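In: need a structure here:
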Amino acid sequence: MAGAGWIRVPVGDDAARWATRGRGRNVLFVVHNVTAATRLLDVLPLFHDEFEVQLLATCPGSSAFEAGLAELLAQTGVRVMPWEQAVTTPVALAVSASFGGQLWALSGKLAVLSHGIGYTKRLATPDTRHPTVVGGSERSDPVFGMSPQWLLDEDGKPIADTLVLSHPEQYERLRTVCPEAAPTAVVAGDPCWDRMVAARPHRDRYRRALGLGRGQRLIVLNSTWNPESLFGDGGDDVLPSLLPRLTSELPADEYRLAAVLHPNIWHGHGPGQIRAWLDRARRAGLTLIDPLQGWRQALVAADLVIGDHGSVTYYAAALGTPVLLGAAPLAGLAPEAPVYEFVRTAPRLDPTRPLRPQVDAPPPQPPGRPAEFVSSAPGESAARLRRLFYGHLGLPEPTEPARLEPLPLPPYEPAVPTVPLLVLTRLTASGEVAVTRYAGPHPAPEGDGEAHLAVHEDTRETDRLALADVVFRYGDADDPRFGSPALWTAEVLDRHPYCALAAYVTGPGSCVVRTRAGALLNLTAESGADADPAGYASALHAWVGAGKALEELFARGLRVRMGRSAHHVRITPA
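Out: The predicted structure is shown next:
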């Protein structure tokens, strides 16, 4: 008997009356939460072009992190049915990337994949009352996905027909801790890892998508969920003090900050709350990476990851990216798992010391090669998993090779700092202007040069506009809201009598500036320049402030050094 919310097409009591194609085999994706969905979306393309398969999805309702899942499933366009209908619907194959819920009640074959680096974390089953102990105390919680409590039903039989592993190391652990489930194990690699490795040739594109310039370093802050993580407040709670120090101690044009947070953080606390907690850091240039589509590209692009004991940090180390651990709890990890040894030996971020020397020259990474334990079959997960799935379905495999989707190119998202910037400038004997900008809020490290204040017109700190030496903004040259760059710059200088220069950034390498003396100028960087043109405006302000003539620049241009790169900027009257 149909219940509330039950679907009628392509399955249901009277589906044969309404379905256009109803003779195929049903494949059910069991999606516990957004985290598990990321791995299931990795393997979804393995069923593309298969007319003998009807894809369906359901949520067992056992996860505390179901927020965001309905919207995600709606985006896939796969038909979603309530769990109560799913357990009464004949399916040939059910695919899950997590445990929990009454998986044993599903019909057909059940294949369970890991949604991280194998199975590494301890987690009490929903039907136990083990307390979650923090602070380094021993805990007796079973290892998620690698213990009888998670793998066997009430009769002591394996819940899954196939437990997909990525490495024989996991199989050896399985034989020891739960020999009853060992016959169900299949080593099939890691599709998430394969997609990242295949994307490495596009690293420069991912960096450009984040607005990274030549010589600029990308630092990714990564946190798994739970109170002991980098984002959590159950340990030393370093993140609230770390973020303002990073933006205060690292020059904005030499470093780019991005945060990759576990989907359970995003959807457990709410995206709005995450943005609220990280508001100033975001306005200082931190980018929040999409936890579903963008985190792998960010790892490929990163120069350094400040992370914790989660899978993403281990993936970064496997990619060969230097890692510093801002949180390193061991109590919640399986001691036999490779991640445990990695967390035990990986270098730590020392919050009591200056940050820049640590991120510029991180200590040697732990011995061993993390990539070896991510997958024993790199590049083969698509073929192995499709063979497994089609075997369960009783269908012949397609003749075309099995392929995973390439990682998409993220949208262009450069840093747009709207907090007031402290700018240090220094004129060299050769006529070059060195520009170093800091986003605060703490005092900048001691350095040579003259200081001035540059403020985005849309800053929330509107009181600082009255004190700004340079006011800038970004926009299209023909944006009718501002009239024109010439009109906007005149209005800014009229509105802020203590402002010495107004700059309207019109593109990646160009801006229009007006000086207090009335000169309206075009600043255009040479081809290939990739620094923020607002920095060129600060260099021009320093030139004029030093009593230098603009006419000298008309002939030879202005050479601006920002971080590790120098840029030649052409100056012409507008």
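In: Counting neighbours, what do you get for Leu41?
Out: Other residues near Leu41 number 21, with proximity taken as other CB atoms under 10 Å. Quick note: C-beta positions are derived from backbone N, CA and C, even for glycine.
In: let me fix that: Val513
Out: As a burial measure, Val513 scores 27 neighbours (other CB under 10 Å).
In: strand partners of the strand ranked longest in the chain, parallel vs antiparallel please.
Out: Taking DSSP state E as the criterion, the chain has its longest strand at strand 565-573. Paired neighbours of strand 565-573 in the sheet (DSSP bridges): strand 520-525 (antiparallel), strand 558-562 (antiparallel).
In: List of residues touching it?
Out: For strand 565-573, contacts defined as CB atoms under 8 Å, 6 or more residues apart in numbering pick out 213-215, 432, 519-526, 529-531, 536, 539-540, 550, 553-554, 557-561.
In: related to what we said a few turns ago, could you export the strands paired with strand 565-573 as JSON lines, including distance to Ala444, mean pLDDT and mean neighbour count?
Out: Listed next are the strands paired with strand 565-573 as JSON lines, based on distance: least, CB to CB, whole Å; pLDDT from 0 to 100; neighbours: other CB atoms under 10 Å:
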{"stretch": "strand 520-525", "distance to Ala444": "25", "mean pLDDT": "98", "mean neighbour count": "20"}
{"stretch": "strand 558-562", "distance to Ala444": "15", "mean pLDDT": "96", "mean neighbour count": "23"}
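In: Pro191 is nearest to which of those?
Out: Judged by CB to CB, the one of those that comes nearest to Pro191 is strand 558-562, at 40.1 Å.
In: Just tell me which of the strands paired with strand 565-573 ends up closest to Arg256.
Out: Where those are weighed against each other on CB to CB, the nearest is strand 558-562, at 12.9 Å.
In: Extract the C-alpha set from that closest one and format it as CSV.
Out: Written as CSV, here are the backbone C-alpha positions of strand 558-562 (Å, rounded to 0.1, in the frame of the first residue of the first chain):
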residue,chain,number,x,y,z
LEU,A,558,56.1,52.0,-13.8
ARG,A,559,57.8,48.8,-12.6
VAL,A,560,55.9,47.4,-9.6
ARG,A,561,57.1,44.5,-7.5
MET,A,562,54.5,42.6,-5.6
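In: Give me the buried positions along the longest strand of the chain.
Out: Counting neighbours by 16 or more other CB atoms under 10 Å, one finds that the buried residues in strand 565-573 are Ser565, Ala566, His567, Val569, Ile571.
In: Repeat that for stretch 229-242.
Out: When neighbours are counted by 16+ other CB under 10 Å, the buried residues of stretch 229-242 are found to be Ser229, Leu230, Phe231, Gly232, Gly235, Val238, Leu239, Leu242.
In: Looking at those residues, which are in helices?
Out: With helices taken from DSSP state H, the overlap with those comprises Leu239, Leu242.
In: Any idea which residue is closest to the centre of this protein?
Out: Residue closest to the mean C-alpha point of the chain, counted by CA atoms, centre = their mean, is Trp295 at 2.9 Å.
In: What segments of the stretch 101-250 of the chain are helices?
Out: Here the stretch 101-250 of the chain has its helices, by DSSP state H, counting those that start in this stretch, at 148-151, 168-177, 191-199, 203-209, 239-249.
In: Mean pLDDT and distance to Ala546 for those - can I get that in JSON lines?
Out: Compiled in JSON lines, the helices of the stretch 101-250 of the chain are given as follows (pLDDT from 0 to 100; distance: least, CB to CB, whole Å):
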{"stretch": "helix 148-151", "mean pLDDT": "94", "distance to Ala546": "69"}
{"stretch": "helix 168-177", "mean pLDDT": "96", "distance to Ala546": "63"}
{"stretch": "helix 191-199", "mean pLDDT": "98", "distance to Ala546": "46"}
{"stretch": "helix 203-209", "mean pLDDT": "97", "distance to Ala546": "34"}
{"stretch": "helix 239-249", "mean pLDDT": "96", "distance to Ala546": "27"}
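In: so which of the ones you listed comes closest to Glu413?
Out: Where those are weighed against each other on CB to CB, the nearest is helix 203-209, at 6.6 Å.
In: Run through the neighbouring helices and strands of the closest one.
Out: helix 295-301 (3 or more CB pairs under 8 Å, 6 or more residues apart in numbering; DSSP states H and E).
In: Mind listing what's buried along the helix it packs on?
Out: Judged by neighbour count (16+ other CB under 10 Å), helix 295-301 contains these buried residues: Trp295, Arg296, Gln297, Ala298, Leu299, Val300, Ala301.
In: wouldn't the fourth one be in contact with Arg256 here?
Out: No: using CB atoms under 8 Å, Ala298 makes no contact with Arg256, being 10.3 Å away.
In: any common contacting residues for those two?
Out: Leu210, Leu218.
In: Show me the strands in the stretch 351-500 of the chain, by range?
Out: Under the criterion DSSP state E, counting those that start in this stretch, the stretch 351-500 of the chain carries strands at the ranges 421-427, 433-438, 450-456, 470-474.
In: and of these, who's closest to Gly12?
Out: Checked against CB to CB, the stretch from the strands of the stretch 351-500 of the chain lying closest is strand 470-474, at 52.5 Å.
In: Partner strands of that closest one, with direction?
Out: strand 450-456 (parallel), strand 501-507 (parallel).
In: Could you point out which of these sits nearest Trp193?
Out: Nearest to Trp193 among the strands paired with strand 470-474 is strand 501-507 (37.8 Å), distances taken as CB to CB.
In: Now that closest one: average pLDDT?
Out: Across strand 501-507, pLDDT averages out at 97.
In: Give me the residues contacting it.
Out: Under CB under 8 Å, 6+ apart, the answer for strand 501-507 is 469-477, 482, 485, 488-490, 492-493, 511-516, 523, 532-534, 537, 540-541, 544.
In: Need the buried ones from the residues you listed selected in ChimeraX.
Out: What follows is the ChimeraX syntax for the buried subset of these, where burial is set by 16+ other CB under 10 Å:
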select :469,470,471,472,473,474,482,485,488,489,490,492,493,511,512,513,514,515,523,532,533,534,537,540,541,544
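In: Filter the contacts of strand 501-507 down to just the ones in helices.
Out: With helices defined by DSSP H, the entries of those inside them are Pro485, Trp488, Thr489, Ala490, Val492, Leu493, Pro533, Ala534, Ala537, Leu540, His541, Val544.
In: Can you tell me how far the fourth one is from Ala574?
Out: If I follow you right, that is Ala490. Look at Ala490 and Ala574: by CB to CB, to the nearest Å, they are 11 Å apart.
In: With Arg356 instead?
Out: Taking CB to CB as the measure, Arg356 and Ala574 are separated by 38 Å.
In: now swap in Ala182 and tell me
Out: Relative to Ala574, Ala182 is positioned 74 Å away (CB to CB).
In: for Gly545, same thing?
Out: Here the criterion is CB to CB. By it, Gly545 lies 20 Å from Ala574.
In: Once you drop chain neighbours, what's closest to Leu557?
Out: Not Leu; residue 557 is Gly. Across the structure, with CB to CB, 6 or more residues apart in numbering as the measure, the residue nearest Gly557 apart from its sequence neighbours is Arg570 (4.9 Å).
In: again with Leu550
Out: Nearest residue to Leu550 in three dimensions, chain neighbours excluded: Ala519, at 6.0 Å (CB to CB, 6+ apart).
In: In terms of pLDDT, where does that neighbour sit?
Out: As summarised for this prediction, Ala519 has a pLDDT of 97.
In: Check Ala429 too.
Out: So, for Ala429, pLDDT stands at 87.
In: and it, how many residues sit next to it?
Out: 5.
In: again, but for Gln75
Out: 10.
In: Now that the residue nearest to Leu550 has come up, it's in contact with Glu551, right?
Out: No: no contact is recorded between Ala519 and Glu551 when judged using CB under 8 Å, the distance being 10.2 Å.
In: on that earlier part again, kindly reformat the ones in helices among the contacts of strand 501-507 as a markdown table containing pLDDT and distance to Asp308.
Out: As requested, the ones in helices among the contacts of strand 501-507 are arranged in a markdown table below (pLDDT from 0 to 100; distance: CB to CB, whole Å):
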| residue | pLDDT | distance to Asp308 |
| --- | --- | --- |
| Pro485 | 98 | 45 |
| Trp488 | 98 | 45 |
| Thr489 | 98 | 46 |
| Ala490 | 98 | 51 |
| Val492 | 98 | 44 |
| Leu493 | 98 | 48 |
| Pro533 | 97 | 37 |
| Ala534 | 98 | 34 |
| Ala537 | 98 | 39 |
| Leu540 | 98 | 43 |
| His541 | 98 | 42 |
| Val544 | 97 | 48 |
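In: Nice, that's everything, thank you.
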